[in-house]
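A.B. asks: Okay, predicted coordinates and the sequence, questions at the end:
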Amino acid sequence: MLQTMAPARIEPPELARAQQTLAAISRSFDAKVVGQARLRESLLIGLMTGGHILLESVPGLAKTTAARTMAEAISADFRRIQCTPDLLPSDIVGTQIYDAGQGTFVTRLGPVHANIVLLDEINRSSAKTQSAMLEAMQERQTSIGGEAHPLPTPFLVLATQNPIEQEGTYLLPEAQMDRFMLKDVLDYPTPAEEAEIIRRIDAGVFTPEQKPAAAASLDAVAGLQETVRRVYIDPAIVRYIVGLAFVTLNASQYIDARLAGYIEFGASPRASIAFSQAALAVALLNGRDHVIPEDVKSLAHRVLRHRLILGFEAVAEQVPVDRVIDVVVAAVQTP
């Protein structure tokens with residue numbers, strides 16, 4: 001009978017070091033970005049697990065600042081790609097150009113070859129360009145002139161969508177959105193937070209000269225990734241995660257018939273994988289070496305809101321997907 005090796009236990013000193021690293025990164029992030037604690041958590045989850053994040057918000061809510069600040073906090077290479085309808089796949093992954101001096105073709109890597117990539121307004125790029133980016137995210141490499149070029153480690157893509165403008169956009173197919181581990185939705189800052197933003201601008205916090213010292217190194221992030229893989233998740237919680245996905249696929253048996261009728265497509269196994277991997281990171285963020293049900297529940301909206309596809313009736317009646325997710329979570333017994 002085949003036996004599998006259990007992951008090594010996380011010793012208290014190692015757990016304490018991970019906490020110190022995460023706290024230092026968080027402090028560096030908060031020094032520039034006001035509020036946005038959930039976005040900070042999502043970025044840290046993505047860094048620790050290798051998952052990517054889809055972010056929906058109106059302009060002006062510090063998406064670029066957040067991504068750049070996180071890169072600065074860990075000494076990472078950062079690139080921002082502004083998506084437009086005429087953006088080509090080669091503009092992202094790179095291409096070969098002819099060097100007349102040498103008489104040969106030379107490979108020029110594209111901006112996707114960075115640790116943290118902000119793909120701004122991904123829905124403005126064409127389907128072909130979206131496909132090239134999503135392939136790079138999945139395969140962790142690009143192919144230029146028949147030669148494979150690995151992407152750096154860590155590698156995190158933060159793709160944004162603007163919900164208030166639809167003219168000249170190309171909606172991401174539902175099956176492609178499933179490749180993002182989390183989908184976060186940013187809210188407007190509170191009046192107090194907005195006043196703090198203005199104060200920090202007046203104080204020169206956002207000027208290039210005020211770039212803070214790195215709080216951690218890429219090697220420290222690699223250490224966090226290795227530690228996360230050894231966080232313990234009990235089989236009962238795995239069954240709980242699978243149960244959440246199962247209810248979305250068989251909603252009529254578990255939730256109100258009217259709400260169940262709004263669901264056109266439920267969550268694929270990628271949802272269960274995202275739940276389990278992200279829950280490991282949430283546990284470590286909270287200073288634990290094991291996952292508890294509350295870790296999974298805290299991720300429900302971010303994991304399911306782009307995987308639970310509602311039909312036309314839900315759109316017509318303005319039923320938010322988060323409301324359906326709340327009902328699904330309530331229908332599954334907490335272990």
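C.D. replies: Here it is on my side, so go on.
A.B. asks: can we go C-alpha only for contacts and neighbour counts from here?
C.D. replies: OK.
A.B. asks: The helix or strand harbouring Met137: which residues count as buried?
C.D. replies: Met137 is part of helix 127-139, with elements assigned from DSSP states H and E. Buried positions in helix 127-139, judged by neighbour count with 16 or more other C-alpha atoms under 10 Å: 127, 129-130, 132-134, 136-137.
A.B. asks: now do stretch 88-100
C.D. replies: 88-90, 92-95.
A.B. asks: who's in contact with that stretch?
C.D. replies: Stretch 88-100 is contacted by residues 81, 104-113, 128-130, 132-133, 136, 142-145 when judged by C-alpha atoms under 8 Å, 6 or more residues apart in numbering.
A.B. asks: Just the endpoints, please. Distance across that stretch?
C.D. replies: 24 Å (C-alpha to C-alpha, to the nearest Å).
A.B. asks: from the contacts of stretch 88-100, which ones fall inside helices?
C.D. replies: Judged by DSSP state H, these include 128-130, 132-133, 136 as members of helices.
A.B. asks: which among the residues you listed gets closest to Arg68?
C.D. replies: Nearest to Arg68 among the ones in helices among the contacts of stretch 88-100, counting by C-alpha to C-alpha, is Met133 at 19.4 Å.
A.B. asks: What pLDDT does the model give the closest one?
C.D. replies: The per-residue pLDDT reported for Met133 equals 85.
A.B. asks: how far is the helix holding Met137 from where the chain is centred?
C.D. replies: 15 Å (C-alpha atoms, centre = their mean, to the nearest Å).
A.B. asks: separation between Ala203 and Ala37?
C.D. replies: Distance, Ala203 to Ala37, by C-alpha to C-alpha: 22 Å.
A.B. asks: Of those two, give the one with the bigger neighbour count.
C.D. replies: Taking other C-alpha atoms under 10 Å, Ala203 and Ala37 do not tie; Ala37 has more neighbours (13 against 10).
A.B. asks: pLDDT-wise, which helix or strand of the chain ranks last?
C.D. replies: Least confident element among the helices and strands of the chain, by mean pLDDT, DSSP states H and E: helix 174-177 (a mean of 74).
A.B. asks: need the helices for the stretch 1-150 of the chain, in chain order.
C.D. replies: 12-30, 37-49, 63-73, 89-93, 127-139 (DSSP state H, counting those that start in this stretch).
A.B. asks: Also the stretch 201-335 of the chain?
C.D. replies: Counting by DSSP H, counting those that start in this stretch, the helices of the stretch 201-335 of the chain are 218-228, 235-249, 257-262, 269-285, 293-297, 300-304, 312-316, 321-331.
A.B. asks: packing partners for the fourth one?
C.D. replies: Applying 3 or more C-alpha pairs under 8 Å, 6 or more residues apart in numbering; DSSP states H and E, one finds that helix 269-285 contacts helix 12-30, helix 37-49, helix 218-228, helix 235-249, helix 293-297, helix 300-304.
A.B. asks: between these, which one is nearest to Phe180?
C.D. replies: Closest approach to Phe180 among those (C-alpha to C-alpha): helix 300-304, 8.8 Å.
A.B. asks: Ile233: how many residues sit nearby?
C.D. replies: Close neighbours of Ile233, defined as other C-alpha under 10 Å, add up to 18.
A.B. asks: Grab the nearest non-local neighbour of it.
C.D. replies: Closest residue to Ile233 apart from its sequence neighbours, by C-alpha to C-alpha, 6 or more residues apart in numbering: Val291 at 5.2 Å.
A.B. asks: phi, psi of that neighbour?
C.D. replies: Main-chain torsions, Val291, degrees, to the nearest 10: phi -90, psi 140.
A.B. asks: And the spatially most central residue of the chain, how far from Gly145?
C.D. replies: Centroid-nearest residue in the chain, with C-alpha atoms, centre = their mean: Ile53, separated by 2.1 Å. Distance, Ile53 to Gly145, using C-alpha to C-alpha: 29 Å.
A.B. asks: got it, and Val329?
C.D. replies: Using C-alpha to C-alpha, Val329 is found at 47 Å from Gly145.
A.B. asks: cool, Gln176 as well?
C.D. replies: Distance from Gln176 to Gly145, by C-alpha to C-alpha: 25 Å.
A.B. asks: Tell me which of Val329 and Gly145 has more neighbours.
C.D. replies: Here Val329 and Gly145 are compared on neighbour count by other C-alpha under 10 Å; more neighbours surround Val329, at 22 against 12.
A.B. asks: ok, now which ones touch Glu193?
C.D. replies: Residues 34-35 are the ones in contact with Glu193 under the rule C-alpha under 8 Å, 6+ apart.
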